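> Mind looking at a prediction? Sequence and model below.
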Protein chains: 4
Amino acid sequence: MNTFGNILRLTTFGESHGPAMGGVIDGFPSRVIIDLAKVQAELDRRRPGASPLTSQRREPDALQLLSGVMDYDEATGELAALHAGSRKVMTLGTSIGFIIPNKDSRSSDYDELRHIYRPSHADFTFDARYGVRDWRGGGRASGRETVSRVVAGAFARQLLEQKGIAIESRIASLGGALNPGAHTIEEIVTAVRSEGDSVGGTVECRVTGVPAGTGDPVFGKLQQRLASAMMSIGGVKGFEYGMGFEGVEHRGSEVADEFAVAGNGEVVTVSNHSGGIQGGISNGMDILFRVAVKPTPTIGRPLSTVDDNLKATTLCARGRHDAAIVLRIAPVVEAMAALVILDRILMRSTNSI
Amino acid sequence: MNTFGNILRLTTFGESHGPAMGGVIDGFPSRVIIDLAKVQAELDRRRPGASPLTSQRREPDALQLLSGVMDYDEATGELAALHAGSRKVMTLGTSIGFIIPNKDSRSSDYDELRHIYRPSHADFTFDARYGVRDWRGGGRASGRETVSRVVAGAFARQLLEQKGIAIESRIASLGGALNPGAHTIEEIVTAVRSEGDSVGGTVECRVTGVPAGTGDPVFGKLQQRLASAMMSIGGVKGFEYGMGFEGVEHRGSEVADEFAVAGNGEVVTVSNHSGGIQGGISNGMDILFRVAVKPTPTIGRPLSTVDDNLKATTLCARGRHDAAIVLRIAPVVEAMAALVILDRILMRSTNSI
Amino acid sequence: MNTFGNILRLTTFGESHGPAMGGVIDGFPSRVIIDLAKVQAELDRRRPGASPLTSQRREPDALQLLSGVMDYDEATGELAALHAGSRKVMTLGTSIGFIIPNKDSRSSDYDELRHIYRPSHADFTFDARYGVRDWRGGGRASGRETVSRVVAGAFARQLLEQKGIAIESRIASLGGALNPGAHTIEEIVTAVRSEGDSVGGTVECRVTGVPAGTGDPVFGKLQQRLASAMMSIGGVKGFEYGMGFEGVEHRGSEVADEFAVAGNGEVVTVSNHSGGIQGGISNGMDILFRVAVKPTPTIGRPLSTVDDNLKATTLCARGRHDAAIVLRIAPVVEAMAALVILDRILMRSTNSI
Amino acid sequence: MNTFGNILRLTTFGESHGPAMGGVIDGFPSRVIIDLAKVQAELDRRRPGASPLTSQRREPDALQLLSGVMDYDEATGELAALHAGSRKVMTLGTSIGFIIPNKDSRSSDYDELRHIYRPSHADFTFDARYGVRDWRGGGRASGRETVSRVVAGAFARQLLEQKGIAIESRIASLGGALNPGAHTIEEIVTAVRSEGDSVGGTVECRVTGVPAGTGDPVFGKLQQRLASAMMSIGGVKGFEYGMGFEGVEHRGSEVADEFAVAGNGEVVTVSNHSGGIQGGISNGMDILFRVAVKPTPTIGRPLSTVDDNLKATTLCARGRHDAAIVLRIAPVVEAMAALVILDRILMRSTNSI
């Protein structure tokens, strides 16, 4: 199951230490101008080694577009063959294939993991599922898989922005007892890293400008698609929207979102406990949701585990890992939100012929 | 979007006050014996009016099976035509169509809602989406829609049980300041109802017996499908599994699930922060998740709103509603969990020919 | 696999001698006015017993709509509850559930078939696939299954007609040595029936008014979807469009469809060897295709066969059957064509937001 | 719509003169050994320039596997990183991404086609659909698109062969008045090419060894999936199976496939008018179907057409084209048949847990 979406569909592939990551974007509208510098900027946000705070694997994450677009010259409006220096492209309506080669894949780092299951990783479960696995760096289960989502999300985001829809996120909480208000994020991560440990956190995402009427009843609810998108990201343990888990503490009388008519004549709600979604369909208010990201399980301490002969052993994980994976998941959250919102907007367009 | 699932697919239909609710179950294995009394028992758990604690709408919720099964005589093993007194049926592998007629649909209760948007309901958003809506009792957005899910879930659950997989849920929290430990659920609901108000709550669900290796990488993760299933239920505001949102407060060093070999020779984890799922695939431990259910927004107090001419007005909702909708959502949570688990188990069977 | 279509999806259910046939139409646009008399007229065209030329099973084929529509009063434009006398309905955008009860199901006709495989029927293959089957009248494999398609097709056709798109078919050939030009269809069928035999035939279908640009490249080609739709009808043995099989007899120089500009400024082709489709996408000319329908295999002569204990036996099929099933397949061909064309038109609407 | 299949899904991308063709195979079982030399051999069969009879475009069609497999050492049974010299690989169960770079893309050949619609090609319809197109060599509508299908089909075929299922095809007819029996295929093509013309033909495909019980009722019929697969190939104008169009000339009494029990105790039919499929499900006999391939429309003679300003003009197509495209379509027919058969076999495996 490597495809996501109904109308706008992303299919991805790639193992962490194989030749390349990549994907195919299908159903993307034609004649959309995409600024490749903005796509690369999203990739850079997610990239390991981009900040001293994240994993030190060095990947240029250089996107290679293979189809579905042509070079677009803004000055003349002319199309031409894609080339190394293409800065803007126009979509053709056909499937957009792309790869991101894996460069810094120091596979030998992983030789000792060939037969040992890392606790709280997917090594054991992949073996149980498939009877075989690529043991290098998590293989298909690596967080590196998300690089393909960021590419597709960057395409979707640009089209949404052209329609006045914006997606932004922030780190809403970070790490155990530490308070992200009292300490900077950098201070927290540096401290945790120095202890050889890791912390979890929460990402809050806000989508503004989505017109009322986006989303579908029953099994195409906006919150359902957002939850599906977010829970498909490795390391995400929870999803909530609007008042979320906190809302269960309240009475019904406290949380009704009363309607009013704004100055511009549009229907608004005077509060937003609903997180911009009612009955699975947007009501025109900001869409607000949060995801919980666990602390990355790989740390430099010995842990009990078993090998693939079911013999008990001890593992002291090494390799290059993140002290706060939540920092790198934030751009993935935005990318997946962009895919969901655009998919539902395109679906809505099928209500008339 | 009225279909859920990949291999096992449920398609549903029905407006709250139309002639009937119903659905089609497709992809259900053949030659499975289904006890119809158990299906009806699940319907009864969800039914309004079944308990003094829930909505007083009186619906017999009588299931009519229309296809995909034949009467099965346990004594002889013989098949025969479905009839009114059929107690056990055998599935044929073909699509299973069913309806549950709507009986107690006092539509006139809803006349005043024909042009007015109830706050925190789907009236406004359905109009925004489709330009028309069935105003009676929420129409397609009514919680009554879940009756079809319970039927399908009851079929799936029986097959799972025959394979040693069990699904159970409990109300993990209920209502604002009240503590479900100190007061019985009945006390809380009775108190809230007497005030004309409603409370939210949390359902915790546990699935035992799922073999390791169930679920799929990337976009078919078990937690993703569970989240999608749960967030498709009206009134659910959040989903978490394993350590969930609470886990973000911990260090990575505290939450690793170390592996060991159990006495029976199976791999187990000594803790279960992962909630039975690693990399989207079950590891053989109990699968544990929670959903947050909001307090139902319909209460007997006047609220500001607008009508479909965008004129401000006031609404004092009446009708028959639940003081704690979470009580009736619990069986729906179990039903959807059964559909997800069976769907993923069937998907896994495609790994060999 | 009981669902057809991408955006407009039909899911069907029902065994020939079970309680009812039925289906769910999902993705149908909202606010479309449907004349129920026209739907019934399509059902009547397909109905057994409707003509002295076809099977004498007597089914009223009375459609019961269960959801997704409300009664529409043309005079006032008002919606109301569906009722027995509803003549026009408006679609709500939600899933449209419907059933057609099976009335004249003389199951005892089929008792002798409980353990015997009829030659050229699906009895043996259903047993091989599912290990069980409903032996009465073909069960799920009965041609009666197509009644649900006709309902959905009648909905789609009405929307298409409102947009200027028409679908019509004709019997292009009928039966062995007989020539449908020299004899009337009635003469041929009467003669064949009197011999206790059956004949095959060819249906030609023409779709006019489809705008250029409908259909999708590669795996969503218009001819592919039409072929898939037609070959899903029991008894259909072949599909061709445009010049079809006959075209392989020609040189490339003879069959190019040269372009010209019509008086109204539209691009036209001066011939139509392409059958209105180029590269899987409509070019604005008439869409033309043909399907081959086999002679129904049930005839009143003894045939060698085996039973479900794999013992050789002889069967002289009785029951109520068609001497020229092609006559009743024609309305099904039109219905399926309507579903395909509307599905592709709706898909095309997703190319812009 | 660039994805084909239910369980086994192929998603493709690539324009004829873009950087690369490629695809993603999803749902392929794990632990299957694939001989890359056999994959390349299938690519070579389809390749232009491989024979003096086909188009002289020179493409090495060198497959680059990017994911989903690892190098497999037959001697040791060990997995290792994919490398340039990998000869056998083992599938991992994860998505298999691959590309075939486009090398010999003499785009300037196509400059004159930038604004002119070639008759009987997809230039006009792509513009109508998307408002833009890659004019070079047909872009996405090029026959070169099928190279990705051949890769996926070669994977599927190897797994089928390991299970005793074989797929073979032959040219059943070729070209206008010429008789493929009287002349060799080479003689016909050479003669037609020397006249600057092209011929159509018919491919007959036979699948042996498919176990009875493969395929699904109603909308997953084996003949439906085969028809869908074949009609998705550019240039294919018709599909028929078993007795096909010819069968409509016969009486029902002549075409019943009587059952018998073979020496090995298996049920067989004594004739095969059904083409190995009854009710959409295989009966264990050979599966037999035929496709009609049109003569390629590009020939060296002036044709009337219009440009994208809707001005009449004349075009004398040049470039590198095939005198009998049917020869190169045969391996694509086999590849698509392999995908369909494997997909339905995998689907069948979901009937038990």
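Sure, I can see it. Residues are numbered from 1 along each chain as shown, chains lettered A, B, ... in the order given.
> Grab the nearest non-local neighbour of residue A:170.
Closest residue to residue A:170 apart from its sequence neighbours, by C-beta to C-beta, 6 or more residues apart in numbering or on different chains: residue A:204 at 5.5 Å. C-beta coordinates here come from the backbone N, C-alpha and C atoms, glycine included.
> if I read this right, the one you found contacts residue A:288, doesn't it?
Yes - counting by C-beta atoms under 8 Å, residue A:288 is a contact partner of residue A:204 at 7.2 Å.
> So between the two, which is more surrounded?
More neighbours surround residue A:288 than the other of residue A:204 and residue A:288, with 21 against 17 (other C-beta atoms under 10 Å in any protein chain shown).
> wait, is the more buried one part of a strand?
Yes - applying DSSP: H, G, I helix; E, B strand; the rest coil, one finds residue A:288 inside a strand.
> Could you pull up the residues touching it?
A:204-207, A:241-242, A:272, A:275-276 (C-beta atoms under 8 Å, 6 or more residues apart in numbering or on different chains).
> Same question for residue A:291.
A:202-203, A:205, A:230, A:233, A:236, A:238-239, A:329, A:333.
> nearest to chain D, of these?
Distances from chain D to these, taken as C-beta to the nearest C-beta, are shortest for residue A:233 (17.0 Å).
> Pretty sure that closest one sits against residue A:336.
Yes - judged on C-beta under 8 Å, residue A:233 makes contact with residue A:336 at a distance of 6.8 Å.
> secondary structure element for the residue nearest to residue A:170?
strand A:201-208 (DSSP states H and E).
> which residues are in contact with whichever helix or strand comes after that strand?
Sequence order places helix A:222-231 as the next helix or strand after strand A:201-208, per DSSP H and E. Under the criterion C-beta under 8 Å, 6+ apart, residues A:4, A:214-216, A:236, A:239, A:241, A:275, A:277, A:280-282, A:287, A:289, A:291, A:333, A:336-337, A:339-340, A:343-344, B:221, B:223-228, B:230-232, B:239 lie in contact with helix A:222-231.
> As JSON lines, the contacts of residue A:288 with pLDDT would be great.
What follows is the contacts of residue A:288, written out as JSON lines (pLDDT from 0 to 100):
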{"residue": "A:204", "pLDDT": "97"}
{"residue": "A:205", "pLDDT": "98"}
{"residue": "A:206", "pLDDT": "98"}
{"residue": "A:207", "pLDDT": "98"}
{"residue": "A:241", "pLDDT": "98"}
{"residue": "A:242", "pLDDT": "98"}
{"residue": "A:272", "pLDDT": "97"}
{"residue": "A:275", "pLDDT": "98"}
{"residue": "A:276", "pLDDT": "98"}
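> from these, which two are the most distant?
Pairwise distances across those (C-beta to C-beta) peak at 14.2 Å, for the pair A:205 and A:272.
> Counting neighbours, go ahead and name the busier of these two.
More neighbours surround residue A:205 than the other of residue A:205 and residue A:272, with 22 against 17 (other C-beta under 10 Å).
> check contacts around the more buried one.
Residues near residue A:205 by C-beta under 8 Å, 6+ apart: A:167-169, A:288-291, A:333-334, A:337.
> Nearest to chain D: which residue in the stretch 151-300 of chain A?
In the stretch 151-300 of chain A, the residue that lies nearest chain D is residue A:152 (12.8 Å; C-beta to the nearest C-beta).
> how many neighbours does that residue have?
Neighbour count of residue A:152, defined by other C-beta under 10 Å: 29.
> surely it meets residue A:339?
Yes - the criterion here is C-beta under 8 Å, and residue A:152 meets it with residue A:339 at 6.1 Å.
> Can you pull the residues that touch both of these two?
With C-beta under 8 Å, 6+ apart, residue A:152 and residue A:339 have common neighbours residue A:10.
> rewinding a little: compare residue A:233 and residue A:336 and say which is more crowded by neighbours.
Higher neighbour count among residue A:233 and residue A:336: residue A:336, with 31 against 24, using other C-beta under 10 Å.
> host element of the more buried one?
helix A:326-348.
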